[in-house]
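**Q** Quick one, what's the 3D model for this:
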Amino acid sequence: MRRRTGLVIAGAAALVWGEWLNRRWSRGLVGDGGGASSAVVVLGYRNPGDTANLINRWRVRAGIRSVTADGTHGACLILSGGATGSGATEARLMADYATSVLGFEGPVLLEDRSTTTWENITNVIPLLEGVDRIKIVSQPAHALKARAYLRRQRPDLAQRLVRADDYRPGEWIGVKPLLALYGLWTLRGLRGDERKTARGRTADV
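**A** Numbers count the residues shown, from 1 in each chain. Model (predicted):
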């Protein structure tokens, strides 16, 4: 009985920890932002098939809900990802899912050359030059990494980063501890100052 109780407590603690850490990452390196125009950048995930995979489908859904999450309408959806096989690019597969399956009717731009997160950011920068508010959508740790890369490449554009709607309490809760562990590994190269918001507050505010 004690062992079972201990396992239940440990499992609950892992879920809470995963939830907290993903929430914290979703608030890193963003500010309040202002202005009329906005863009939502959705980062692709390894997709060698002929249709968008599970992760890319979720990212597209999170991207679309990020378009109007703060009441802003008319935001441009930028889908970023090159080919990982012999078929269509990740950007194209995500675009097909957004328009054909989800019925998204807003403006869509494709960045279809990138194969790494660094390249994602490098290649979408020309599409962000005239935008007042920038949202980057992925799993929270990956999105934080991408925001840090934008800060390194174009700190002026990084000042325009605002929160995306890619974190919701309870969403993916069963795998959030695993996402947290993977996130800790993938973020190991970030500097301490890259774990703060654009306005200098700690990332877990």
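
**Q** hey, let's count contacts and neighbours off CA atoms from now on
**A** Fine.

**Q** Can you classify L79 as helix, strand or coil?
**A** Of the three states, L79 takes strand under DSSP: H, G, I helix; E, B strand; the rest coil.

**Q** Does it touch L110 like I think?
**A** Yes: between L79 and L110 there is a contact at 5.1 Å, judged by CA atoms under 8 Å.

**Q** Identify the residues contacting the helix or strand of the chain with the lowest mean pLDDT?
**A** The least trusted helix or strand in the chain, going by mean pLDDT, DSSP states H and E, turns out to be helix 2-26, with a mean of 83. By CA atoms under 8 Å, 6 or more residues apart in numbering, the list of residues contacting helix 2-26 from outside reads 140-141, 143-144, 163-164, 166-170, 173-174, 176-180, 203-205.

**Q** Now, those that are in strands?
**A** Within those, no residue falls in strands by DSSP state E.

**Q** Please indicate which of these are buried?
**A** Taking 16 or more other CA atoms under 10 Å as the criterion, what is buried in the contacts of helix 2-26 is 140-141, 143-144, 163-164, 166-167, 176-177, 179-180, 203-204.

**Q** Between those, which sits nearest I121?
**A** A143 (10.7 Å; CA to CA).

**Q** circling back: when L79 and L110 are compared, which one has more neighbours?
**A** Of the pair L79 and L110, L79 is the one with more neighbours under other CA atoms under 10 Å, namely 29 against 21.

**Q** can you pull the pLDDT of the more buried one?
**A** What the model reports as pLDDT for L79 is 98.

**Q** ok, now how distant is it from N120?
**A** Distance, L79 to N120, by CA to CA, to the nearest Å: 10 Å.

**Q** joint contacts of those two?
**A** In contact with both L79 and N120: L43, E111, using CA under 8 Å, 6+ apart.

**Q** Helices of the chain, residue ranges please.
**A** Listed in chain order, the helices found in the chain under DSSP state H are 2-26, 54-67, 90-96, 117-128, 140-153, 155-158, 176-186.

**Q** if you compare these, which one is most tucked away?
**A** For the helices of the chain, the largest average neighbour count (mean count of other CA atoms under 10 Å) is found in helix 90-96, namely a mean of 25.

**Q** so what does that one touch, helix or strand wise?
**A** Here helix 90-96 touches helix 54-67, strand 76-80, strand 108-111, going by 3 or more CA pairs under 8 Å, 6 or more residues apart in numbering; DSSP states H and E.
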